[in-house]
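Trainee: After the sequence you'll find the predicted model.
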Amino acid sequence: MTPTQLEQSLNQLISNGEQTPIMIEGPPGIGKSSVVYQVADRLGLKVIDLRLGQIPPSDIRGLPMVKDGISMYACPEWLPKDGNGILFLDELTNAAPPSKASPSSSCWIAVSASTSLEMAGL
């Protein structure tokens, strides 16, 4: 998938109101992150960019707590409770083992489960 095709796919998913996480795979430096930011900017969406290789898993899932006798995790303060945006999970291959969803993936974004978009041939 070329950067232009990725941009078109992201625009279509977001325009259709999809709440679909997608995985974008490809070698470093081919524009995966740039396309995500360009689409977000054009559509007026905020991007929360998490470099998973630099964040401990506990910072992502939140701290354990008990509420009404039920154990759960407190939502991190940086994670919005409402509105629209893109949660961009980058550097997945560098994430601590408990946070890895796939050993071969490069980045994961939740745009608005499971469409896979691969960028190749650039």
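Mentor: All right, it came through fine.
Trainee: Settle this for me: residue 90 is touching residue 33, isn't it.
Mentor: Yes - using C-beta atoms under 8 Å, residue 90 is in contact with residue 33, at 6.3 Å. C-betas here are computed from N, CA, C, even on glycine.
Trainee: any weak-confidence spans in the chain?
Mentor: 97-122 (pLDDT under 70).
Trainee: so what's the nearest residue to residue 65 once chain neighbours are set aside up against?
Mentor: Distance criterion C-beta to C-beta, 6 or more residues apart in numbering; nearest residue to residue 65, sequence neighbours excluded, is residue 74 at 4.9 Å. By C-beta atoms under 8 Å, 6 or more residues apart in numbering, residue 74 lies in contact with 62-65.
Trainee: Just to be sure, which of those residues are found in strands?
Mentor: Among the contacts of residue 74, the members falling in strands (DSSP state E) are 64-65.
Trainee: which one of the contacts of residue 74 is nearest residue 22?
Mentor: Closest to residue 22 out of those is residue 62 (23.7 Å), distances taken as C-beta to C-beta.
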